[in-house]
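Visitor: A structural model of the following input is requested.
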Amino acid sequence: MGTNGQIIGVLGGMGPAATADFYLKLIKATRAGSDQDHLKVLIYSNPHIPHRTAALRGEGPDPLPALIETAHALVRGGADFLTMPCVTAHAFFEKLQAATPVPILHLIRETAAFLQRGRQSLRCLGVLATSGTLQARLFETVFEPLGVRIIVPDPALQSRCVMPAVYGVKQGESLEGPRQLIREAAGHLIAQGAEAVVAGCTEVPLILTDGDCPAPVIDPSWVLAQAAIQRALETPV
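Guide: Got it, this is the predicted structure:
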């Protein structure tokens, strides 16, 4: 590839496994013949950012100050723009961007743009995400103006399958149990009419990938990785 590119900042640690997975996706999405062909990536994995879902439920501290602090550390380190491989944290995106002197790519908006380019026929998406993401209606806010209906698990399915699966990944346990739970939840969404399933939490792609269920699986963290590489290569240094 042979390019300098801009430095990609990764505001990570939410959780650590999802951050590591995102970095691997950055590597895989880069056309490179040698180490020197890869882009510079600055990762701050800060697992001490307060729990996003708890904050949105009024059950925990506001994560915004820690998000801002982490973003500023990345900027001081030389990051030209930021990515944030945590979907729920996007509930705080506008305030975070307003307090950060470099652009932050918006994971959900990038996913919508990706689907508009390649899958315009999709009109009903099932979303597997944290309860905080569902409460904040992060996907509905972006997709409904585009004429795309969002289906989410009912509260019983969310608490029985989705959240235990997500926490199972975060806790580092065997992935077989979480994988079975998330596939069950995906099946319910497809039965309700979802034409594709969005892995709407960055832990979900670790236990649900395309081919695991009858409908396509959309991975926003993979979309974000591709968008970050494109921006790093296209923006003059």
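Visitor: Strands of the protein, start to end?
Guide: 8-12, 41-45, 81-83, 124-128, 149-151, 196-199, 217-218 (DSSP state E).
Visitor: for the record, mean pLDDT for the third one?
Guide: Per-residue pLDDT values across strand 81-83 average out to 98.
Visitor: got a list of contacts for it?
Guide: For strand 81-83, contacts defined as C-beta atoms under 8 Å, 6 or more residues apart in numbering pick out 6, 8-11, 22, 71, 74-75, 100, 102-105, 107, 224-225, 228, 231-232, 235. In short, each C-beta sits where N, CA and C put it, glycine included.
Visitor: So what's the residue count around the residue lying closest to Thr19 once chain neighbours are set aside?
Guide: Of all residues not flanking Thr19 in the chain, Gly12 sits nearest, at 3.2 Å (C-beta to C-beta, 6 or more residues apart in numbering). Applying other C-beta atoms under 10 Å, we find 25 other residues in the vicinity of Gly12.
Visitor: quick one: pLDDT of Gly12?
Guide: Gly12 is given a pLDDT of 98.
Visitor: I'd say it and Ala79 touch.
Guide: No: assessed by C-beta atoms under 8 Å, Gly12 is found out of contact with Ala79, at 12.0 Å.
Visitor: what is in contact with those two at once?
Guide: With C-beta under 8 Å, 6+ apart, Gly12 and Ala79 have no common neighbours.
Visitor: mind listing what Gly187 touches?
Guide: Per C-beta under 8 Å, 6+ apart, neighbours of Gly187: 213-214.
Visitor: now this structure, which segments are flagged as low pLDDT?
Guide: Within the chain, the segments meeting pLDDT under 70 span 1-3, 235-237.
Visitor: repeat that for 50
Guide: 1-2, 237 (pLDDT under 50).
Visitor: The nearest residue to Pro164 once chain neighbours are set aside and Thr53: what is the separation?
Guide: Leaving aside its sequence neighbours, Pro164 sits nearest to Leu181 (C-beta to C-beta, 6+ apart; 5.8 Å). As defined by C-beta to C-beta, to the nearest Å, Leu181 lies at a distance of 17 Å from Thr53.
Visitor: Following the record's annotation, map out the domains of this structure.
Guide: 8-106+222-234, 108-219 (automatic domain parsing).
Visitor: List the contacts of the residue nearest to Pro164.
Guide: Counted by C-beta under 8 Å, 6+ apart, Leu181 has contacts 160-162, 164-165, 168.
Visitor: Phe92: which of the residues you listed is nearest?
Guide: Distance to Phe92, by C-beta to C-beta, is smallest for Val162 among these, at 21.1 Å.
Visitor: Run a quick check on that closest one versus Ala185, I expect a contact.
Guide: Yes: Val162 is in contact with Ala185 according to C-beta under 8 Å; the separation is 5.1 Å.
Visitor: more neighbours, those two?
Guide: Taking neighbours as other C-beta under 10 Å, Val162 and Ala185 compare with Val162 leading, 28 against 24.
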